[in-house]
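**Q** Predicted model and sequence follow; I will ask about them next.
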Amino acid sequence: SKAPLRYRQFESSRVCDVCYEGVEKIYGEDIDLRSRFKRRDISRSVTRFVPQRLKLSANSEGSQVSGYLRKKQKNMKWKRCWFVLKDRVLYTYRASEDTVAIDTLPVLGWQITMLDQKTSEPQDSFQPYQMFQLTHPGSQPIMFCAENENSTDKWVTAFREAVQF
């Protein structure tokens, strides 16, 4: 919506719906300013486009494994997200209640490797047994960190099945 604003010498400017109604109450009867009011069409709501491949509930049944993991970001910080591995695709969600994934990664053909517990040092207070990575020729390795050793084993086993042709 647009309304003429006094501090802008009554030039029409974008305003929220609440402000539009307030300004219209004050200046709506003024014949000189009436033509400067323009209400947006609220009958057509603008919704964010979500690709079909991302429309899968985070707690979907039939997944090989799901749970929270930390993923190492490009800025070298760890980000905790909810992951679902289903039909050889890794879905990433912000939380377990989400209905739309923020990212997907087909893992077929990738390799899963554990960090060497003897030679690897703890990273950011995580132990080597908690960490594993997905690698693929031509792509940057993706490093993950599980909550505990049991969770790490569960994820690595599921990934080993999913990455095989």
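**A** Great, that's in hand.
**Q** Surely residue 84 is within a strand?
**A** Yes: counting by DSSP: H, G, I helix; E, B strand; the rest coil, residue 84 falls inside a strand.
**Q** right, and it touches residue 98 too?
**A** No: using CB atoms under 8 Å, residue 84 is not in contact with residue 98; the gap is 10.0 Å. C-beta here means a position set from N, CA and C on the backbone, and glycine is covered the same way.
**Q** neighbour-wise, which of the two wins?
**A** A count of neighbours by other CB atoms under 10 Å puts residue 84 above the other of residue 84 and residue 98, at 24 against 19.
**Q** what is in contact with residue 84 and residue 98 at once?
**A** residue 58 (CB atoms under 8 Å, 6 or more residues apart in numbering).
**Q** quick one, phi/psi of residue 23?
**A** Residue 23 adopts backbone torsions of phi -70, psi -40, taken as degrees, to the nearest 10.
**Q** meant to ask about residue 14, not that
**A** phi -70, psi 140.
**Q** Correct me if wrong: it contacts residue 1.
**A** Yes: when contacts are counted by CB under 8 Å, residue 14 is listed as touching residue 1 (7.2 Å).
**Q** if you count what's nearby, which of these two comes out ahead?
**A** residue 1 (20 against 12).
**Q** residues touching the more buried one, list them.
**A** Residue 1 neighbours (CB under 8 Å, 6+ apart): 14, 15, 16, 17, 20, 38, 39, 40.
**Q** Tabulate these (TSV), appending distance to residue 73 and pLDDT.
**A** Output for the contacts of residue 1, formatted as TSV (distance: CB to CB, whole Å; pLDDT from 0 to 100):
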residue	distance to residue 73	pLDDT
14	35	90
15	37	89
16	34	87
17	37	85
20	40	89
38	43	89
39	43	86
40	37	79
